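Undergrad: Need coordinates for the following:
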Amino acid sequence: MSPQSLSQATEAIPVSPPVLVLEDEQLVETTQSTNTELNKQCNRRTRGDEWLLDVFAMNSFSWVIAIPIELLLAGMSWSEHLKVRLLAVVFNTLIARPFSIYRNWVVARFGRGSGLHNYAVDTFVFLSFQLPLYTLNMILGGASAIEIATACGTFVLIAGALGRPYGLYLDCLRRLWLNRRPAADSATAG
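TA: Model prediction:
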């Protein structure tokens, strides 16, 4: 094939026009035909990063909160505490991402507002997601109705005090780890 016929052949190849793509909340000009796969890889990486962040946040927060409760208030030994916490790591790892997705959804519906509003939203999210799981765990563990009521009542008090701190901790980690605004906040910033 001669160089002249090669250039004529390549001129006939259609090239897609530049397209604006929303990537990590920023518009990026890209060519569809060359960057589609790159965009898919970037989205996979971001989802993986978010999953790791959620797992780390749930497990680290739970462990810090559980130390005084289990060791000081409940009087558990270090060995018992470690066994319970290692089991909790498995459970927390399974629920961390669904919890964050649920939190982002609720925050997008109710929005952000005053400190009291944000406290109420995060407390609602924490209680409405965690309390049914905790109750189911108690039922599966064979607890009596009185034990379930007592434990759930205590959980409501503790969770009521922990919902907003966990939300703040998760948002802070999102800013530090993912180097961007929390997904829950970006849904309302528009």
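
Undergrad: pLDDT below threshold where in the chain?
TA: Within the chain, the ranges that satisfy pLDDT under 70 run 1-45, 74, 180-190.

Undergrad: Nearest residue to the residue sitting nearest the centre point of the chain in space, please, no chain neighbours.
TA: The centroid of the chain falls nearest to S100 when counting by Cα atoms, centre = their mean (3.1 Å). Distance criterion Cβ to Cβ, 6 or more residues apart in numbering; nearest residue to S100, sequence neighbours excluded, is D54 at 4.5 Å. (C-beta placed from N, C-alpha, C; glycine too.)

Undergrad: I'd like to know how many residues surround that neighbour.
TA: If you count neighbours by other Cβ atoms under 10 Å, D54 ends up with 23.

Undergrad: Check which element follows the strand or helix carrying it along the chain.
TA: Assigned by DSSP states H and E, D54 belongs to helix 32-66. Using DSSP H and E, the helix or strand that follows helix 32-66 towards the C-terminus is helix 78-110.

Undergrad: Show me what counts as buried in that following helix.
TA: By neighbour count on 16 or more other Cβ atoms under 10 Å, the buried set for helix 78-110 is 81, 85, 88, 92, 95-97, 99-100, 103-104, 106-107.

Undergrad: ok, the residue nearest to S100 - contacts?
TA: 96-97, 99-100, 170 (Cβ atoms under 8 Å, 6 or more residues apart in numbering).

Undergrad: go again using 6 Å as the cut-off
TA: 96-97, 100 (Cβ atoms under 6 Å, 6 or more residues apart in numbering).

Undergrad: for those, which one is nearest C152?
TA: Ranked by distance to C152 (Cβ to Cβ), these are led by A96 at 21.7 Å.

Undergrad: wouldn't the closest one be in contact with L53 here?
TA: No - with contact defined as Cβ atoms under 6 Å, A96 does not count as touching L53 (8.8 Å).

Undergrad: Confirm C152 sits in a helix?
TA: Yes - counting by DSSP: H, G, I helix; E, B strand; the rest coil, C152 is part of a helix.

Undergrad: Neighbours of it, how many?
TA: With other Cβ under 10 Å as criterion, C152 counts 16.

Undergrad: For it, which non-adjacent residue is closest in space?
TA: T135 (5.8 Å).

Undergrad: That neighbour sits in which helix or strand?
TA: Using DSSP H and E, T135 falls in helix 115-140.

Undergrad: Tell me the buried residues in that helix?
TA: Within helix 115-140, the residues that qualify as buried are 118-119, 121-123, 125-127, 129-130, 134-135, 138, counting by 16+ other Cβ under 10 Å.

Undergrad: Export those residues to TSV and append columns for distance to L157.
TA: Shown next, in TSV, are the buried residues of helix 115-140 (distance: Cβ to Cβ, whole Å):
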residue	distance to L157
N118	20
Y119	15
V121	19
D122	16
T123	11
V125	17
F126	12
L127	11
F129	17
Q130	13
Y134	13
T135	15
M138	16
